[in-house]
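1. let me see the structure of the following:
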Amino acid sequence: GHSKWHNIRHKKAAGDAQKSVVNAKVSQQIKTALNQGGNSDSNALLKKALDKAKEMKVPKAIIDRAIQKYEQAKDGGSG
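-> Below is the predicted model of the structure:
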């Protein structure tokens, strides 16, 4: 027969895939906004991207990772 987990697994996979797409888009928007320079006070695009991330309930770790990746790329480091 089918286990309960078998049914949950498919729903969870679909939800996780949607979250992954949203997180990737928000991360890209943050990196694009960071290219404009400044901080969230002087950079309206960055403020909008961070507000959207909060609205979409993107975890803080993903936002921090996007910022960290941008800074590494800016400094010429790999990663």
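
2. now do the helix ranked longest in the chain: distance to the chain's middle.
-> Taking DSSP state H as the criterion, the chain has its longest helix at helix 4-35. Centroid separation for helix 4-35 versus its chain: 9 Å, with Cα atoms, centre = their mean, to the nearest Å.

3. okay, buried residues for it please.
-> Along helix 4-35, these residues count as buried under the neighbour rule (16 or more other Cβ atoms under 10 Å): 22, 23, 26, 27, 29, 30, 31, 33, 34. Backbone N, C-alpha and C define where each C-beta goes, glycine included.

4. one more: stretch 43-51?
-> Residues of stretch 43-51 classed as buried: 43, 45, 46, 49, 50 (neighbour count, 16+ other Cβ under 10 Å).

5. which of those fall in helices?
-> Mapping the buried residues of stretch 43-51 onto helices (DSSP H) picks out 45, 46, 49, 50.

6. low-confidence ranges in this protein?
-> Scanning the chain with the threshold set as pLDDT under 70 gives 1, 77-79.

7. repeat the analysis, applying 90 as the threshold.
-> Applying pLDDT under 90 to the chain picks out residues 1-7, 35-43, 67, 70-79.

8. which helix or which strand is home to the residue nearest to residue 31 when sequence neighbours are not counted?
-> Closest residue in space to residue 31, ignoring its immediate chain neighbours: residue 70 at 4.8 Å, by Cβ to Cβ, 6 or more residues apart in numbering. Per DSSP states H and E: residue 70 is located in helix 60-74.

9. that helix packs against which elements?
-> Counting contacts by 3 or more Cβ pairs under 8 Å, 6 or more residues apart in numbering; DSSP states H and E, helix 60-74 packs against helix 4-35, helix 44-55.

10. nearest to residue 74, out of those?
-> helix 4-35 (8.1 Å; Cβ to Cβ).

11. could you verify my assumption that residue 56 touches residue 24?
-> No: the criterion here is Cβ atoms under 8 Å, and residue 56 misses it with residue 24 at 11.5 Å.
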